[in-house]
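Asks: Return a 3D structure for these sequence lines:
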Amino acid sequence: MKSSEERITELEQRVAHLENIIKKSEIEKSKRVKSEIERTILVQNGAIKKRSVELIRNQQQEEEKKQTGEQGAESKDKEALVGKYLIGALAAILIFIGAISFISLVWNRMTPEIKLSIITLAGITLTVIGFLLIRTKKNPITSIIIGTGAGLLFIAILSANLAFHMIGNNMSIFLAGIWAVFFIISSRYTNLFFTTVIAYTGSYIALILGLVLMQGDMELLVLILFASSISAVMIYITLKSSKAELITSVVLSIVSYATILIRCYLDGFLLSEQLLSSYVAQTAVIIIVYLLMNMFYKMINNTDALPVYLGVSVFTTILIMLYICHLSGNYLKLNAISCYMLFFTANLLQFILNNVFYKRIEKWLTRYYAVVLAATLLLINIKLYEVPTGIILIGLLLAVSGKVFKRETQSFLIGLIILLDSLFLICNYSDNIICSVYGMLQLGLMVYVLWESNSLKKYEKINILKTIGIVVIIINSFGIPSNIINCMDIPYISKYVDNAVGYFIAVIAVIVLLKTGYFKNWKSEQFKFFGINDALENDKAMQVLIYLISTVLYFYGLQGIAFADKVFLQLIFMLAAIAIALIQSRIILSGNGLNKTFTGIWIVIKYLILTWTILWAFLDLSIVSVAYSIVGLIVAIGSISAGFKLRNKSIRQYGLVLTIIMVAKFIVVDLNQENSITRVLALIAGGSLCFLISFIYNKLSQNYSG
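Replies: This next block holds a predicted model:
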């Protein structure tokens, strides 16, 4: 028999076994439930994806059907337009031609009064019918009926004057004005701008005929009042209409006044008789044109579209230019400078108005009027000082207006103006000190533009502005000293003095710009405009620029060394050329990613050319041959030493090749010269230098393996 303890232990084991079985069954059950849930999710995801694909496909089909329907509707709309307007217009034309053909059969048998009555009655009848139908049946047919009636009435007015001679010119203009005003006002009744366009067209034809038949200032005044009445009514009627209709009315009004001005400008043209004796009416018309132009600007002030509105600006500028020329030639007899000043004042006033009132479109207007003002100022300076410069004042105007009116800074435009004025300055050899004043203004304004662009973080065109800046600095370095020396009028002064001074200043300017980080990356937060920025990274685009600028200055210095006619001028060129050569070499050798072979060859060739140019300029021909040999060996020593120090194999190889060439020159060329102490000393010096080269190779080749 088992004891009670054994039985208890056995029961505990059985309970533990049962618990394990229950746990395993629960785990298997949870796994089975989990797998079923995952299977359900996968099935649902597949159904969702399938449904999404079906929805996308259905949506695409609906969009295709919609597009097809829209295309069909569009084609139907085009078809309807053709059927309504084109065919309707053709029908009206055919009927009109048929009626005229019928009238022509009996026309010659009628009296002028009957003929005029038929035309007038037909016009009145068609106009009345069109007005009666337009309120209930507003369609192309009723518009054509009104247009035909209006045209017949206008023809009746012109016929009464031109064909039948029943009324005079002024009376026909008066009746045409009443006719135009009536149809313009009727557009409120018809709710069709079409009638306004018809009325304006008729009034414009009447205006042209009146200008052709004009006999003097009184007729001109009548025509101005006629055009003013039509324009005033047309603008007033369209004030409460859409903006497009109002803009159209203003533009059409400008066209009418411009036609009057052009006719006045043709008065007495090509030996024809001059009919007009007063310019007061013309002045009033040009003022009205400018008022209408500003009204036009005000209406489009909220647009962000392309600056097509500049067409109106160009048109009015041409009108004011012709007006001033006509005023000067026919009435006031103004001289050229007075005409330029008057034209400049008119455009300056408009420039200010643009900045004050037209905030949205001011950008393009500012650019346009800046160009006009610059061209005018150029003419003024040519007339006053006989120099084609001075447009820098427009650059100052742009800078000041940007600050005063809180407008976007026109940095790029100002930079172009400075560059152009600098080119004008360097191309001019004037003895007027105003050129130097303009040069100082160019430099000051260029510094301000660069400073402002950096302060406002405007880096889109900063490299272009920096390029313009360095060009302006170099140009003024030559231009300002040249102008000052010309103003001093010193007798027997060398023609190379101004070039030497300008070259020296240009090199100093480049050195200062390099020290202040002009060619560094200005986008860095650590950049300081007025400070030393040696720690900043280089700007690759600006590095290319400094290579180019320094190379140009280097070769210009060589030319000065070779051809300057005074020793002190040659010394100035030499010092500046050596400085720019050293600066370029330092920049090239510190650059990463450059071709070491190419840069090494360029550096040694550069110094060799510089050295021999100096020798050729300063030494006598009797010793120049051996001097070249000695200098060649010195350059070779420098090349080999620099090649070891800079680990540049090409520089060392160049030094070796140059050594061999100079030794060959000693033997082949220099030994054939007259035996003298100079030749002896040169040979001894050459041998010593060759020994020194050998020593350098033996000493330094142990430490350098590159």
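
Asks: Quote the end-to-end distance of stretch 323-332.
Replies: 12 Å (CA to CA, to the nearest Å).

Asks: and Phe424, what is it in contact with?
Replies: Neighbouring residues of Phe424 by CB atoms under 8 Å, 6 or more residues apart in numbering: 378, 387-389, 391. To be clear about C-beta, it is placed using only N, CA and C from the backbone, and glycine gets the same treatment.

Asks: one more time with 10 Å, if that's ok
Replies: 378, 381-382, 387-392, 435, 438, 475, 479 (CB atoms under 10 Å, 6 or more residues apart in numbering).

Asks: What of Val308?
Replies: Counted by CB under 10 Å, 6+ apart, Val308 has contacts 300, 364.

Asks: For it, give its distance to Val471.
Replies: 34 Å (CB to CB, to the nearest Å).

Asks: cool, Ile224 as well?
Replies: Applying CB to CB to Ile224 and Val471 gives a distance of 52 Å.

Asks: Also Leu441?
Replies: Distance from Leu441 to Val471, by CB to CB: 16 Å.

Asks: on that earlier part again, narrow the contacts of Phe424 to those in helices?
Replies: 378, 381-382, 392, 435, 438, 475, 479 (DSSP state H).

Asks: Quick one: these as TSV, columns for pLDDT too.
Replies: Converted to TSV, the ones in helices among the contacts of Phe424 look like this (pLDDT from 0 to 100):
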residue	pLDDT
Leu378	89
Asn381	87
Ile382	86
Ile392	90
Cys435	85
Tyr438	88
Ile475	89
Gly479	84
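
Asks: out of the residues you listed, what pair is the most spread apart?
Replies: For those, the maximum inter-member distance is 19.5 Å, found between Ile382 and Ile475 (CB to CB).

Asks: Leu514: which of the ones in helices among the contacts of Phe424 is nearest?
Replies: Nearest to Leu514 among those, with distances taken as CB to CB, is Ile475, at 18.7 Å.

Asks: I'd like to know how many residues surround the closest one.
Replies: 24 (other CB atoms under 10 Å).

Asks: before we move on, back to that, among the contacts of Phe424, which pair sits farthest apart?
Replies: Ile382 and Ile475 (19.5 Å).

Asks: Next one: Gly506 relative to Ala577, how far apart?
Replies: If you look again at residue 506, you'll see it is Ala, not Gly. From Ala506 to Ala577 the distance is 11 Å (CB to CB).

Asks: shared neighbours of those two, anything?
Replies: By CB under 10 Å, 6+ apart, the residues touching both Ala506 and Ala577 are 553, 556-557.

Asks: which residue ranges form the helices in the stretch 151-300 of the chain?
Replies: Assigned by DSSP state H, counting those that start in this stretch, the helices in the stretch 151-300 of the chain fall at 169-185, 187-190, 193-212, 217-237, 243-265, 280-299.

Asks: Make a markdown table from those and add mean pLDDT to it.
Replies: Below are the helices of the stretch 151-300 of the chain laid out as a markdown table (pLDDT from 0 to 100):
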| stretch | mean pLDDT |
| --- | --- |
| helix 169-185 | 70 |
| helix 187-190 | 62 |
| helix 193-212 | 74 |
| helix 217-237 | 84 |
| helix 243-265 | 88 |
| helix 280-299 | 90 |
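
Asks: okay, the ones you listed in TSV with mean neighbour count next?
Replies: Conversion of the helices of the stretch 151-300 of the chain to TSV gives the following (neighbours: other CB atoms under 10 Å):
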stretch	mean neighbour count
helix 169-185	20
helix 187-190	16
helix 193-212	20
helix 217-237	19
helix 243-265	19
helix 280-299	18
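
Asks: what about the ones you listed, which gets the closest to Leu465?
Replies: helix 280-299 (30.0 Å).

Asks: what packs against the closest one?
Replies: helix 217-237, helix 243-265, helix 310-327, helix 336-357 (3 or more CB pairs under 10 Å, 6 or more residues apart in numbering; DSSP states H and E).

Asks: Relative to Ile286, which of those is closest?
Replies: helix 310-327 (5.0 Å).

Asks: Tell me which of the helices and strands packed on helix 280-299 lies nearest to Glu537.
Replies: helix 336-357 (39.5 Å).

Asks: what about the closest one, average pLDDT?
Replies: Mean pLDDT, helix 336-357: 89.

Asks: for that helix, which positions count as buried?
Replies: The neighbour-count check on helix 336-357 (16 or more other CB atoms under 10 Å) flags 339-344, 346-348, 350-351, 353-355 as buried.

Asks: still on that earlier bit, ok, of the contacts of Phe424, which one's closest to Gly531?
Replies: Ile475 (25.8 Å).

Asks: where's the closest one relative to Leu213, distance?
Replies: For Ile475, the distance to Leu213 - CB to CB - is 59 Å.

Asks: ok, now Ala541?
Replies: Where Leu213 is concerned, Ala541 sits at a distance of 67 Å (CB to CB).

Asks: Looking at these two, which one has more neighbours?
Replies: The residue with more neighbours, out of Ala541 and Leu213, is Leu213; 16 against 13, by other CB under 10 Å.

Asks: Surely that one touches Leu220?
Replies: No. Counting by CB atoms under 10 Å, Leu213 stays clear of Leu220, with 11.5 Å between them.

Asks: any weak-confidence spans in the stretch 51-200 of the chain?
Replies: 51-116, 126-127, 130-165, 169-170, 176, 179-180, 182-195, 198 (pLDDT under 70).

Asks: Tally up the residues packed near Arg586, please.
Replies: 11.

Asks: Would you agree it is in contact with Thr599?
Replies: No. With contacts counted by CB under 10 Å, Arg586 stays clear of Thr599, the gap being 11.7 Å.

Asks: before we move on, the earlier item: distance to Leu332 added to the ones in helices among the contacts of Phe424, as a markdown table?
Replies: Below are the ones in helices among the contacts of Phe424 laid out as a markdown table (distance: CB to CB, whole Å):
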| residue | distance to Leu332 |
| --- | --- |
| Leu378 | 24 |
| Asn381 | 23 |
| Ile382 | 22 |
| Ile392 | 31 |
| Cys435 | 32 |
| Tyr438 | 31 |
| Ile475 | 40 |
| Gly479 | 38 |
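
Asks: Just the buried residues of those residues.
Replies: 378, 381-382, 392, 435, 438, 475, 479.

Asks: for those, which one is nearest Val631?
Replies: Closest to Val631, out of all of those and judged by CB to CB, is Ile475, at 34.7 Å.

Asks: So the closest one is in contact with Tyr438, correct?
Replies: No. Counting by CB under 10 Å, Ile475 stays clear of Tyr438, with 11.8 Å between them.

Asks: which residues do the two both contact?
Replies: Common neighbours of Ile475 and Tyr438 (CB under 10 Å, 6+ apart) are 421-422, 424-425.

Asks: Out of the residues you listed, who's the most crowded?
Replies: Asp421 (29 neighbours).

Asks: How about that residue, nearest residue that isn't a chain neighbour?
Replies: Closest residue in space to Asp421, ignoring its immediate chain neighbours: Ile392 at 4.4 Å, by CB to CB, 6 or more residues apart in numbering.

Asks: Now do the contacts for that neighbour.
Replies: With CB under 10 Å, 6+ apart, Ile392 has these contacts: 374, 377, 414, 417-418, 420-422, 424-425, 437-446.

Asks: Now for Ile484: which residues touch it?
Replies: Neighbours of Ile484 in contact, by CB under 10 Å, 6+ apart: 431, 433, 435-436, 439, 498, 501.

Asks: now these: which count as buried?
Replies: Taking 16+ other CB under 10 Å as the criterion, what is buried in these is 435-436, 439, 498, 501.

Asks: For Lys520, give me the backbone phi and psi.
Replies: In terms of degrees, to the nearest 10, the main-chain angles of Lys520 are phi -90, psi -180.

Asks: Can you give me the neighbour number for it?
Replies: Neighbour tally, Lys520, other CB under 10 Å: 20.
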